[in-house]
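Chemist: Make a model of this:
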Amino acid sequence: ADRSLRICFSLTQELEGAYAAVPALGQALTIDSHAVCVFVEAEVRTSVLFQVSKLAQLLMQEAKRAANLPLWTAISAGSARGLAMHCGELSEVWSKQLPPLGAIVFCDEASGDEELPALCRGVVVARDLPILSHLALRA
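Modeler: Numbering: from 1, shown residues only. Next up, the predicted model:
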């Protein structure tokens, strides 16, 4: 299941790359930029890749549960530096003053549709997040 998720993630990134010119086309046709972003997001979410990833994610969670393993999933492994801060919901990070050196945000909830401020260097969510959510794709 994990390998299937990684393949879906990789192919979805390629699909997003194929839609890279859509914002410029939307601007040339004077289409609202938010509408263009929603279109691209909808195209990704209606793809077979997204549906397969949801099924693979459910299978992986059940396999972890059966093996008594932690249920968390690393969306984008790496390293980051910043001061640790906590918020209940990830969307609250916009209302907080982030340190100039950046912040690693620990939160209880995230919808997956959030945008992150520039000073947010990393996010740790206390629950599972769909690997092809808006937030995960930009991780």
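Chemist: Follow the chain on from the longest helix along the chain and name the next helix or strand.
Modeler: Once the chain is assigned using DSSP state H, the helix that runs over the most residues is helix 48-66. Toward the C-terminus, helix 48-66 is succeeded by strand 83-89 as the next helix or strand (DSSP states H and E).
Chemist: Counting by contacts, list what that following strand packs against.
Modeler: In terms of contacts (3 or more C-beta pairs under 8 Å, 6 or more residues apart in numbering; DSSP states H and E), strand 83-89 is packed against strand 103-109. Yep, even glycine has a C-beta here, placed from its N, CA and C like the rest.
Chemist: picking up where we left off before, ok, and for the longest helix of the chain, which residues are buried?
Modeler: Residues Leu49, Phe50, Val52, Ser53, Lys54, Ala56, Gln57, Met60, Lys64 are the ones in helix 48-66 that count as buried (16 or more other C-beta atoms under 10 Å).
Chemist: What of stretch 87-105?
Modeler: So, applying 16+ other C-beta under 10 Å, buried residues of stretch 87-105: Cys87, Leu90, Val93, Leu98, Gly102, Ala103, Val105.
Chemist: What is the nearest of those to Glu41?
Modeler: When the buried residues of stretch 87-105 are ranked by distance to Glu41 (C-beta to C-beta), Leu90 comes first, at 17.4 Å.
Chemist: I figured the closest one was touching Val124, is that so?
Modeler: No. Counting by C-beta atoms under 8 Å, Val124 is not a contact partner of Leu90; they are 10.1 Å apart.
Chemist: got any residues that touch both of these two?
Modeler: Shared contacts of Leu90 and Val124, defined by C-beta atoms under 8 Å, 6 or more residues apart in numbering, comprise Val105, Cys107.
Chemist: Counting neighbours, what do you get for Val125?
Modeler: By other C-beta atoms under 10 Å, 20 other residues sit near Val125.
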